[in-house]
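Give the three-dimensional model of this entry:
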Amino acid sequence: MTHEEHTIQAITKALPAVVSILIGKDEATVEKDIPKEIWDEIAKETKSEPDPPTHEEIIGHMPHVGAGKIQVGNGSGFIVSADGHILTNKHVVTDAAADYTIITTANDRYTAKVLARDPLNDVAILKIEADNLPTVELGDSNSARLGQSVIALGNALGEFANSASAGIISGLARFLSAISDDAKHSETLRGLIQTDAAINPGNSGGPLINLDGEVIGINAAVVSGAENIGFAIPINRAKKDLEDVREFGRVRWPFLGVRYMPIDAGTKKHFKLPIDHGLLIKGEKIPDYPAVLTQSPADKAGIRENDILLEINGEAISAEHSLEDALEKSEIGQTLKLKILRAGVEQEIQVTLEERK
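Sure thing, here's the model as predicted:
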């Protein structure tokens, strides 16, 4: 079979399970969300008209998802169970006040419920009430290889449903700081798959598949101003979330309970530290942002502000082995052995992880 035939076969296999996600809000809410400056500008531009449009008329001409609901955004997702579980990005469904409508490749419409938003990864799980839906097969993102052929599927630019773009894996284990919502909050995404397959606004949340039609990633982000640089969340991260939701009804993550900053040469100089590596346990100079959360596992284990975390279970903390990576590989109730530096003296502390609330 030729490469072209493999590509067509993979798309044909996975595409029926890819969905578009429409984000809707009440007309009154959208009207309130529009800044006064914009309304003033509209009034200025239309004041010479014989019959200037009212706010209600302007809102009424905006794209609607359903009766009384204005479409304020869109994204993609994919069905992972015949009874309606859907994976997408957390940033696609971050607004708890919005309604989410699913449109399948068969053009069927469903109202979706957000079952879980992963607190650490850009992953969310939705549910629609349906049976016998087409599903995708989840692959193994740990087997992804540099140069491997991949295909990004989704609702490109929010306009072109059932779009596919081919490329290769051009990087692995990438780190990226990305804007996560309309409020311009940022979050750090870790261990990403980099691809030159076109990932555009709108196909965020869609699947990144291999030539066997298996999902190995969730399309997540692009670098603004750059061409052919997109990123996907490894699918193995989402598999754990799915298992948790099915068993516990929520995503469960082990919790340590510290705020910290990575130490480098600049941090060492600024805080007059004895070393230039590890994590400095440090709170923020505002209320309710302590270095060690009260009654957290770290607090119970005796970790203090200005301790420097050096190792977890004998492995040094680094960019390649972060605290988040260690927690992701750990289980709730598991006891970890931490090496810290306190007042120039190395110590070992044992801490038992609890569930993140």
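
Would you mind measuring from the most centrally placed residue in the chain to residue 64?
Centroid-nearest residue in the chain: residue 122, 1.1 Å away (criterion: Cα atoms, centre = their mean). Distance, residue 122 to residue 64, using Cβ to Cβ, to the nearest Å: 28 Å. (Glycine included, C-beta is placed from N, CA and C.)

Repeat that for residue 23.
12 Å.

The two: which has the busier surroundings?
residue 23 (21 against 15; other Cβ atoms under 10 Å).

That one touches residue 75, doesn't it?
Yes. Using Cβ atoms under 8 Å, residue 23 is in contact with residue 75, at 7.4 Å.

domains for the protein, by residue range?
Domains of the chain are assigned by automatic domain parsing as 16-127, 137-248, 254-355.

what pairs with the closest residue to residue 145 other than its chain neighbours across the strands?
Of all residues not flanking residue 145 in the chain, residue 169 sits nearest, at 6.7 Å (Cβ to Cβ, 6 or more residues apart in numbering). Per DSSP bridges, the residues bridged to residue 169 are residue 195.

tally of neighbours for residue 169?
By the criterion of other Cβ under 10 Å, residue 169 has 22 neighbours.

swap in the one 3 residues further on?
Residue 172 is flanked by 15 other residues according to other Cβ under 10 Å.

Give the buried residues for the helix or strand hosting it.
Following DSSP states H and E, one finds residue 172 within strand 160-179. By 16 or more other Cβ atoms under 10 Å, the buried positions in strand 160-179 come out as 161, 163, 164, 165, 166, 167, 169, 170, 174, 176, 178.

by contact count, what packs against it?
strand 149-156, strand 186-195, strand 214-222 (3 or more Cβ pairs under 8 Å, 6 or more residues apart in numbering; DSSP states H and E).

Mind doing that once more with 10 Å?
If you count contacts as 3 or more Cβ pairs under 10 Å, 6 or more residues apart in numbering; DSSP states H and E, strand 160-179 packs onto helix 3-14, strand 18-26, strand 69-79, strand 149-156, strand 186-195, strand 207-209, strand 214-222, strand 230-234.

Worst mean pLDDT among those?
Between the helices and strands packed on strand 160-179, the lowest average pLDDT goes to strand 186-195, which shows a mean of 77.

buried residues in it?
Quick answer for strand 186-195 (16+ other Cβ under 10 Å): 187, 189, 190, 191, 192, 193, 194, 195.

just those residues now: which is nearest residue 43?
residue 187 (37.3 Å; Cβ to Cβ).

out of the helices and strands packed on strand 160-179, nearest to residue 264?
strand 186-195 (15.5 Å).

just how off-centre is that closest one within its chain?
9 Å (Cα atoms, centre = their mean, to the nearest Å).

Can I get it in PDB, CA atoms only?
C-alpha atoms of strand 186-195 as PDB (Å, rounded to 0.1, in the frame of the first residue of the first chain):
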ATOM      1  CA  SER A 186      -1.500  31.300  30.600                       C
ATOM      2  CA  GLU A 187      -0.500  27.800  31.500                       C
ATOM      3  CA  THR A 188       2.600  25.700  30.800                       C
ATOM      4  CA  LEU A 189       2.000  22.600  28.700                       C
ATOM      5  CA  ARG A 190       4.600  19.800  29.000                       C
ATOM      6  CA  GLY A 191       5.700  16.900  27.000                       C
ATOM      7  CA  LEU A 192       4.000  18.000  23.800                       C
ATOM      8  CA  ILE A 193       4.200  16.400  20.400                       C
ATOM      9  CA  GLN A 194       5.300  19.000  17.800                       C
ATOM     10  CA  THR A 195       4.000  18.600  14.200                       C
END
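
can you give me the angle it makes with strand 214-222?
Using axes from the mean of the first three to the mean of the last three Cα atoms, to 10 degrees, the inter-axis angle of strand 186-195 relative to strand 214-222 is 130 degrees.

May I have stretch 312-330 as PDB, with CA atoms only?
Coordinates of each C-alpha in stretch 312-330 appear next as PDB, following Å, rounded to 0.1, in the frame of the first residue of the first chain:
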ATOM      1  CA  ILE A 312      12.300  12.900  44.100                       C
ATOM      2  CA  ASN A 313      12.800   9.200  44.700                       C
ATOM      3  CA  GLY A 314      16.500   9.500  43.900                       C
ATOM      4  CA  GLU A 315      16.000  11.300  40.600                       C
ATOM      5  CA  ALA A 316      17.200  14.900  40.300                       C
ATOM      6  CA  ILE A 317      14.700  17.600  39.500                       C
ATOM      7  CA  SER A 318      15.400  19.100  36.000                       C
ATOM      8  CA  ALA A 319      13.600  20.400  32.900                       C
ATOM      9  CA  GLU A 320      13.500  16.800  31.700                       C
ATOM     10  CA  HIS A 321      12.200  15.400  35.000                       C
ATOM     11  CA  SER A 322      10.000  18.100  36.500                       C
ATOM     12  CA  LEU A 323       7.900  18.000  39.700                       C
ATOM     13  CA  GLU A 324       4.800  17.800  37.500                       C
ATOM     14  CA  ASP A 325       6.200  14.800  35.600                       C
ATOM     15  CA  ALA A 326       6.900  13.000  38.900                       C
ATOM     16  CA  LEU A 327       3.400  13.700  40.300                       C
ATOM     17  CA  GLU A 328       1.800  12.500  37.000                       C
ATOM     18  CA  LYS A 329       3.600   9.200  37.300                       C
ATOM     19  CA  SER A 330       2.600   8.800  41.000                       C
END
